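# mind folding the following:
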Amino acid sequence: MSSHSSFGTLVTIESSPQITNPAAVVRKDKQGIALSPSDKELDEIQWGKSSRPPSIPTSGIQTPLTPTDLESSNPPTPKKHGAVDAVKSLSTPKNKRRLLSACMMNFANGLNDSAPGALIPYIEKEYNIGYAIVSLIFVTNAVGFILAAPCTHALETRFGRCKTYIFSMSLLVAGYIMIICKPPFPVVVASFFLLGFGMAVNTALNNVFCANLANSTAALGGLHGGYGIGGTIGPLIATALASHGVRWSFYYIITLGMALCNLVFSVFAFKGYEKDLPTQLLTALQRTASRQSYEDEKAKKKKNPLIEAAKNKVTMIGAVFIFAYQGAEVSTSGWIVSFLISYRNGDPSEVGYVSAGFWAGITIGRFVLSHPCHKIGKKLAVVLLIAGAVAFQLMTWLIPNVIGEAVTVSIVGLLLGPVYPCAAAVFSKLLPRDIQTSSLSFISAMGSSGGAVSPFFTGLLAQHVGTVVLHPICLGLYGVMVVSWVCLPRIRKRTE
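Numbers count the residues shown, from 1 in each chain. Predicted coordinates for the structure are as follows:
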């Protein structure tokens, strides 16, 4: 009984909130080194005893954690420090508006990118030019994307995300006005440079935003699904207008209106975007046990993100993969109409809708196949999708029937649809957070250059051989995609 009473007394004394001699209550590690009680108390005040981050031990000498470590560990966050979760969660009204704004921008980009395929025959006729010359619009569009790659991160760092979106949308507005005003063809070529630069900036920012949301797969699927919807509607409207005698450039009045709407809505959605980030950083720093870790983080940020991105293996392999992917995608959508006119005697007012079928396949694929791809594993799913695209591309080449080829082209689009969002999700997991914006900007730029170089060379060869070269070029690009995809490293749990 006495021992039980003594034990109860001991428990009563130690559980009491009244500590009469704080100096005497000093934690020590196994080596007898005193640890500051203030660190423990602050830690428990912030996190509570039951929600302590698992990565921070309660005894012993702990390794200092960087803010990025703490961000990636995703511990439970108290309500008063909810900015960390608010930055990632799609359940907050702010992020819902931001995702909607990003999807609307990608929808407008799809309207822009899918139209040239249906409009090329009318552009050639108005300016009396051939395949090789009209292909210059793809080249200058790619130059805009490439030059935007080193600028996107610098623009966002200097001006903030909201003002960077304003800059991007303003370039698009300027480019569309130039096209609508019935300019000489060299001005049309120059306007596509502005369009490429503006779209590259918002595409990179939108990919980074969606890739870092809590449910990145769904967010990226919606983002690129919006692009696919725009890509489906674009050729339908362009063909309907041009085939009824409306000047081809008037199609861009629609994209101009979308650019103006996106300009206004992006300001509304992303205004004050950076205000969440200082709270997030402060919360992480409060949990950091050493000042040295903060100094290391500052030194890390001083590195040039673009140089670090260029040195990164995943960035380079991803750039090759997306280069080949968008090369095949844009080549198919841009030249399939001309192929059907030249080799299947198709009527331009009818076969122009085949390009819309291709983009409809992409859209359906992104919405319907993204979830099954997530279930079976993105890396395996991409290989299977490319294999299917190869089979139906061969059918498109060999079936001597416009209706049959329209169906097979749509299925090619269906299979290619989930590839980009799956790849973006994989890249975001493999890339360090501090170079994500620069890396995805570079990958996006290389993708758009692929979407220009491949159609351009298709046009050059078509000038001498015929548009039948479209299919061998696409098959070769599918091969490049498979090789580069297999070369990607395995996905591991983030440690940075």
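# longest helix of the protein?
The helix of greatest length in the chain, counted in residues with DSSP state H as the criterion, is given as helix 93-127.
# would you mark the buried spots in stretch 256-266?
Across stretch 256-266, burial judged by 16 or more other CB atoms under 10 Å covers 256, 258-259, 262-263, 265-266. Yep, even glycine has a C-beta here, placed from its N, CA and C like the rest.
# mind listing which of the residues you listed are in helices?
Of the buried residues of stretch 256-266, the ones assigned to helices by DSSP H are 256, 258-259, 262-263, 265-266.
# any chance of those residues in a markdown table, plus pLDDT and distance to residue 169?
Shown next, in a markdown table, are these (pLDDT from 0 to 100; distance: CB to CB, whole Å):
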| residue | pLDDT | distance to residue 169 |
| --- | --- | --- |
| 256 | 96 | 11 |
| 258 | 96 | 10 |
| 259 | 96 | 5 |
| 262 | 95 | 6 |
| 263 | 95 | 4 |
| 265 | 95 | 10 |
| 266 | 93 | 7 |
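# got these as CSV, with distance to residue 332 columns?
What follows is these, written out as CSV (distance: CB to CB, whole Å):
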residue, distance to residue 332
256, 27
258, 24
259, 26
262, 27
263, 31
265, 31
266, 30
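# can you tell me which helices and strands the longest helix of the chain packs against?
Counting by 3 or more CB pairs under 8 Å, 6 or more residues apart in numbering; DSSP states H and E, the packing neighbours recorded for helix 93-127 are helix 131-134, helix 161-180, helix 185-211, helix 216-243, helix 252-270, helix 313-343, helix 348-368.
# just the buried residues of that helix, please?
Residues of helix 93-127 classed as buried: 94-95, 98-99, 101-123 (neighbour count, 16+ other CB under 10 Å).
# low-confidence stretches in the protein?
Low-confidence regions of the chain, defined here as pLDDT under 70, cover residues 1-89, 276-306, 491-496.
# tell me which residue lies nearest the centroid of it.
residue 207 (2.3 Å; CA atoms, centre = their mean).
# how close does it get to residue 447?
Residue 207 is 11 Å from residue 447, where distance means CB to CB, to the nearest Å.
# same question for residue 195.
Using CB to CB, one gets 15 Å for the distance from residue 195 to residue 447.
# and what of residue 311?
If you measure residue 311 against residue 447 using CB to CB, the figure is 20 Å.
# those two: who's more crowded?
In this view residue 311 and residue 447 are compared by other CB atoms under 10 Å, and residue 447 has more residues nearby, 28 against 10.
# excluding chain neighbours, what is closest to that one?
Using CB to CB, 6 or more residues apart in numbering and skipping the chain neighbours, the partner closest in space to residue 447 is residue 322 (3.6 Å).
# ok, that neighbour - contacts?
Contacts here follow CB atoms under 8 Å, 6 or more residues apart in numbering; on that basis residue 322 touches 420, 423, 443-444, 446-447, 450.
# where does residue 488 sit: helix, strand or coil?
coil (DSSP: H, G, I helix; E, B strand; the rest coil).
# tell me the contacts of the closest residue to it other than its chain neighbours?
Closest residue to residue 488 in three dimensions, ignoring its sequence neighbours and counting by CB to CB, 6+ apart: residue 317, at 5.5 Å. With CB under 8 Å, 6+ apart as the criterion, the residues that contact residue 317 are 484, 487-488.
# so which of the residues you listed is the most crowded?
residue 484 (20 neighbours).
# in what helix or strand does that one lie?
Using DSSP states H and E, residue 484 sits within helix 470-486.
# thinking again about what came up before, and the gap between the closest residue to the residue nearest to the centre of the chain other than its chain neighbours and residue 366?
Taking CB to CB, 6+ apart, and ignoring the residues beside it in sequence, residue 207 has residue 440 as its nearest neighbour in space, at 4.9 Å. Using CB to CB, one gets 18 Å for the distance from residue 440 to residue 366.
# for residue 453, same thing?
Counting by CB to CB, the separation of residue 453 from residue 366 is 24 Å.
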